[in-house]
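> Pasting the sequence and the predicted model now:
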Amino acid sequence: GAGVSQSPSNKVTEKGKDVELRCDPISGHTALYWYRQSLGQGLEFLIYFQGNSAPDKSGLPSDRFSAERTGGSVSTLTIQRTQQEDSAVYLCASSRTRAGNTIYFGEGSWLTVV
Amino acid sequence: SQQGEEDPQALSIQEGENATMNCSYKTSINNLQWYRQNSGRGLVHLILIRSNEREKHSGRLRVTLDTSKKSSSLLITASRAADTASYFCATDQDTGRRALTFGSGTRLQVQP
């Protein structure tokens, strides 16, 4: 596609429910990133996929968070048993190769846990 | 504290004035990038400066990099109300994490 596409744009969920956030990167981009941004804060790195290499999961805040990337393209970030502190904008980005090049962001998925 | 910390956290200026934002980082880098964010949504890439470069220009933007001080600055000249946004620096670290590390950002308000 023309840009990084994320869905849903907004999600309100009850505490304890599971949520899935989807990211469709720019076609041909081998690197994909997930970041989290709380209101008025900077970006917190979550996970990084590069081609067929093992993902860098070092930023995932707890074992309730997981992500996968199927077929080297679409990625899904899953948050299990959501907590109120999970409320944030989840930003996906992609780049042609590994970081060092420009990365292109989607518009984000705003998650509110009530 | 984070790799890539911007200073100031917030800046308010009048249209036509110049805006300067600073970024400090801790580890050696391959390059440093500046991004802009409107309304808390997606970020847009502005400019990339490599570790062997000292200054770079793009339109009204001027970026400097001092690797000895581990710092960078972003200058926006002749600011416009449309420049109102948050600005983030991001570092491509020489070792360790393979993804960009972002700072906490500077919120710029340009008064018309």
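Now that the structure is in, tell me what you want to look at.
> for chain B, what are the nearby residues on chain A?
Counting by CB under 8 Å from any CB of the partner chain, chain A comes close to chain B at A:4, A:33, A:35, A:37, A:39, A:41-43, A:45, A:48, A:50, A:56, A:58-59, A:89, A:91, A:93, A:98-100, A:102-108. Any C-beta I mention is one placed from the backbone N, CA and C, and that applies to glycine too.
> In strands, which of the residues you listed appear?
A:33, A:35, A:37, A:43, A:45, A:48, A:50, A:89, A:91, A:93, A:104-105 (DSSP state E).
> beta partners of the most centrally placed residue in chain A?
Nearest to the mean C-alpha position of chain A, by CA atoms, centre = their mean, lies A:Trp34 at 3.3 Å. For A:Trp34, the beta-bridge partners under DSSP bridges are A:Ile47, A:Cys92.
> mind listing what A:Glu107 touches?
By CB atoms under 8 Å, 6 or more residues apart in numbering or on different chains, A:Glu107 lies in contact with A:6, A:9, B:41-42.
> can you pull out the helices in chain B?
Per DSSP state H, chain B carries no helices over any range.
> so where's it uncertain?
Applying pLDDT under 70 to chain B flags the ranges B:1-4, B:40, B:95-97.
> which residues sit against stretch B:34-45?
A:4, A:37, A:39, A:43, A:89, A:91, A:93, A:102-108, B:23, B:33, B:46-47, B:61, B:63, B:72, B:74, B:85-90, B:102, B:105.
> Narrow those residues to just the buried residues.
A:4, A:37, A:43, A:89, A:91, A:93, A:102-108, B:23, B:33, B:46-47, B:61, B:63, B:72, B:74, B:85-90, B:102, B:105 (16 or more other CB atoms under 10 Å in any protein chain shown).
> low-scoring stretches of chain A, by residue?
A:1, A:98-100.
> Quickly list what B:Ile49 is bridged to.
In this entry, B:Ile49 is beta-bridged to B:Leu32, by DSSP bridges.
> pretty sure it contacts B:Leu32?
Yes - contact criterion CB atoms under 8 Å: B:Ile49 and B:Leu32 qualify, at 5.5 Å.
> residues shared between the contacts of those two?
Common neighbours of B:Ile49 and B:Leu32 (CB under 8 Å, 6+ apart) are B:63, B:65, B:72.
> with those in mind, which one is nearest to B:Arg80?
The closest of these to B:Arg80 turns out to be B:Val63 (CB to CB; 18.4 Å).
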